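K.L.:
How does the following fold in three dimensions:
(one chain, ligands or ions: 2)
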Amino acid sequence: MHLVPRRVVILGSTGSIGVQALDVVSRSPEELRVVALSAQSAWEPLIEQAREQGVTRIALADGDAAACAGEAWTGGEVLAGPEGLVRLITECDCDIVLNAIVGSAGLVPTVATLGEGIDLALANKESLVVGGELVTALAEATGAAIIPVDSEHSALHQLLACERPGTVDRLILTASGGPFRGRSAAELEDVTVEQALAHPTWEMGGKITIDSATLMNKGLELIEAHHLFGTPYEQIDVVVHPQSIVHSLIQLCDGATLAHLGYPDMRVPISYALHHPERVDVPVAPLDLVALGSLTFEPVDEATFACLRLAREAAKTGGTAPCTLNAANEVAVHAFLGGRLRFPQIAAVIEQTLALRGAKQVHSFDSLADADARARSAASELVAAFASA
Ligand code: NDP
Ligand code: MG
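P.N.:
Ligands and ions are numbered 1, 2, ... in the order given. From the prediction side, this is the model:
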């Protein structure tokens with residue numbers, strides 16, 4: 001156990017992961033204390049959380065929301081904009097930052113955290129997709145740890161902990177297959193937003209739920225795993241496992257395969273990341289294998305779910321390609337959720353943006369910001385063209 005509570009910053013505390021992280025923290029008052037919170041624009045829930053946690057510093061990425069919060073809240077300081085988020089991290093003397101922001105907006109806070117040598121509990125997989133090499137090099141340079149929160153990567157982190165270099169042959173990521181598993185391309189033509197948001201096993205924020213329906217989530221996770229564990233892409237497989245009980249597996253050189261199992265509940269990997277290397281009780285039911293009866297596995301249908309193939313191709317191309325893939329996906333998913341794009345057009349927008357933008361070498365975080373902006377603009381034009389066709 002920690003001698004004094006670990007000082008935790010939660011970025012994106014009003015979201016799905018953020019709220020579950022606050023639940024984890026509230027169960028460990030001796031071990032964890034929240035010292036700062038942030039959101040994009042949900043200032044009222046954020047102030048409510050700050051009151052409950054006794055936090056006196058919050059940040060809102062949206063300037064108008066920050067101004068509203070500043071007027072309404074006398075209990076502490078409100079920082080504004082992306083720079084406010086960075087100040088929140090660098091000025092609060094914390095031990096660990098949980099980055100639960102959605103999208104590439106999470107990259108700057110990831111860099112600020114690691115740059116200060118602060119350990120990072122990372123839910124924001126987009127940080128690694130966009131800035132993989134630079135982000136991991138920064139962590140290495142400052143000695144900060146990146147502890148994954150994504151359930152598959154948390155599983156892999158635990159499975160790999162005892163393995164010596166050279167003993168791991170393959171990583172196997174499991175995928176639920178999403179709500180449209182087993183459908184043909186024709187059957188995906190007219191699926192609705194509501195159907196795409198109805199994930200069979202996990203309750204998550206809107207963007208990742210759509211990513212799970214297109215299988216882009218698994219594509220992003222493939223890139224995330226490559227950067228977290230330094231595993232070549234040829235040694236990372238994806239297998240569909242509809243029950244979401246096996247969170248991932250590793251295959252070893254002596255013929256053994258190790259798996260990590262549990263009911264799908266994000267408080268388990270969140271708790272693991274915030275307490276690492278300790279473990280504490282999490283109120284989840286023990287796994288009942290007899291009640292489950294059977295666990296099933298099947299191959300991914302990459303011909304129907306093109307996003308996984310596009311992610312794999314962008315990963316192999318490297319440079320700015322994963323950044324472009326991610327930005328185009330964010331634009332396309334946003335348009336789909338807003339009713340401006342049909343489901344199959346998400347992959348089409350991404351594929352065409354990648355073709356238009358090509359891939360360049362990444363020299364700095366600035367070149368990534370530039371690639372991100374240019375991809376967003378190209379993808380937005382494609383969305384507009386699809387919408388008016
Ligand atoms: P949500 O959409 O539920 O929450 C996102 C959070 O980030 C909110 O607090 C939101 O604030 C804030 N936010 C949104 N945009 C910005 C921005 N531009 N700048 C700063 N803050 C912003 O997302 P999830 O919790 O589902 O996902 C968060 C991350 O965790 C994603 O990267 C996702 O892929 C990953 N993840 C999530 C899982 C899950 O079970 N939900 C599982 C595994 C990974 P506001 O409320 O004001 O909009
Ligand atoms: Mg995951």
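
K.L.:
sec struct for Leu295, please.
P.N.:
Classification of Leu295 using DSSP: H, G, I helix; E, B strand; the rest coil returns coil.

K.L.:
and the residue of the stretch 101-250 of the chain found nearest ligand 1, what does it touch?
P.N.:
Distance from ligand 1 to each residue of the stretch 101-250 of the chain (CB to the nearest ligand atom) is smallest for Gly205, at 2.5 Å. Just so you know, the C-beta spots here come from the backbone N, C-alpha and C atoms, and that holds for glycine as well. Applying CB atoms under 8 Å, 6 or more residues apart in numbering to Gly205 gives the contacts 15-17, 102.

K.L.:
Next, count neighbours for the residue of the stretch 251-389 of the chain found nearest ligand 1.
P.N.:
Residue nearest to ligand 1 within the stretch 251-389 of the chain: Met266 (4.5 Å; CB to the nearest ligand atom). Neighbourhood size, Met266 [other CB atoms under 10 Å]: 23.

K.L.:
Could you list the buried residues of stretch 49-64?
P.N.:
49-50, 53, 55, 57-62 (16 or more other CB atoms under 10 Å).

K.L.:
Between which two of those is the distance greatest?
P.N.:
By the measure CB to CB, Gln53 and Asp62 form the most distant pair in these, at 21.0 Å.

K.L.:
so what secondary structure elements neighbour the host helix or strand of Gly18?
P.N.:
Gly18 is part of helix 16-26, with elements assigned from DSSP states H and E. Counting contacts by 3 or more CB pairs under 8 Å, 6 or more residues apart in numbering; DSSP states H and E, helix 16-26 packs against strand 6-11, strand 32-39, helix 43-53, strand 96-99, helix 267-275.

K.L.:
Tell me if the last one is near ligand 2.
P.N.:
No: remark: helix 267-275 sits outside contact range of ligand 2, by CB under 5 Å from the ion, the gap being at least 8.8 Å.

K.L.:
what's next to the very next helix or strand once past that helix, contact-wise?
P.N.:
Once the chain leaves helix 267-275, the next helix or strand it forms, by DSSP H and E, is helix 289-292. Contact with helix 289-292 is made by 243, 245, as judged by CB under 8 Å, 6+ apart.

K.L.:
got the helices and strands packed on helix 16-26 as TSV, with mean pLDDT columns?
P.N.:
Converted to TSV, the helices and strands packed on helix 16-26 look like this (pLDDT from 0 to 100):
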stretch	mean pLDDT
strand 6-11	98
strand 32-39	98
helix 43-53	97
strand 96-99	98
helix 267-275	98
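
K.L.:
could you show me where the strands are in the stretch 51-200 of the chain, in order?
P.N.:
Using DSSP state E, counting those that start in this stretch, the strands found in the stretch 51-200 of the chain span residues 57-60, 77-80, 96-99, 119-122, 146-148, 168-175.

K.L.:
and the ones you listed as TSV, adding distance to ligand 1?
P.N.:
Supplementary listing: the strands of the stretch 51-200 of the chain in TSV, determined by distance: least, CB to the nearest ligand atom, whole Å:
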stretch	distance to ligand 1
strand 57-60	7
strand 77-80	11
strand 96-99	8
strand 119-122	9
strand 146-148	9
strand 168-175	12
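
K.L.:
quick one: which of those strands is nearest ligand 2?
P.N.:
Using CB to the ion as the measure, strand 168-175 is the one of these that comes nearest ligand 2, at 8.2 Å.

K.L.:
quick one, phi/psi of the residue of the chain found nearest ligand 2?
P.N.:
The nearest approach of the chain to ligand 2 comes at Asp150, 4.2 Å away (CB to the ion). Dihedral angles of Asp150 (phi, psi; degrees, to the nearest 10) stand at phi -50, psi 130.

K.L.:
quick one: it and Glu221 touch, right?
P.N.:
Yes: judged on CB atoms under 8 Å, Asp150 makes contact with Glu221 at a distance of 6.4 Å.

K.L.:
so what sits against both of these two?
P.N.:
When contacts are counted by CB under 8 Å, 6+ apart, Asp150 and Glu221 have Lys125 as shared neighbours.

K.L.:
which bits of the stretch 1-150 of the chain sit near ligand 1?
P.N.:
For the stretch 1-150 of the chain, the residues in contact with ligand 1 (CB under 6 Å from any ligand atom) are 12-18, 39-42, 61, 100-103, 105, 123-126, 150.

K.L.:
From the residues you listed, list just the buried residues.
P.N.:
Buried among those by 16+ other CB under 10 Å: 12-18, 39-42, 61, 100-103, 105, 123-126, 150.

K.L.:
mind checking how far the closest residue in space to Gly319 that isn't next to it in sequence is from Gly318?
P.N.:
Excluding its sequence neighbours, the residue lying closest to Gly319 (CB to CB, 6 or more residues apart in numbering) is Ala359, at 4.2 Å. Taking CB to CB, to the nearest Å as the measure, Ala359 falls 7 Å from Gly318.
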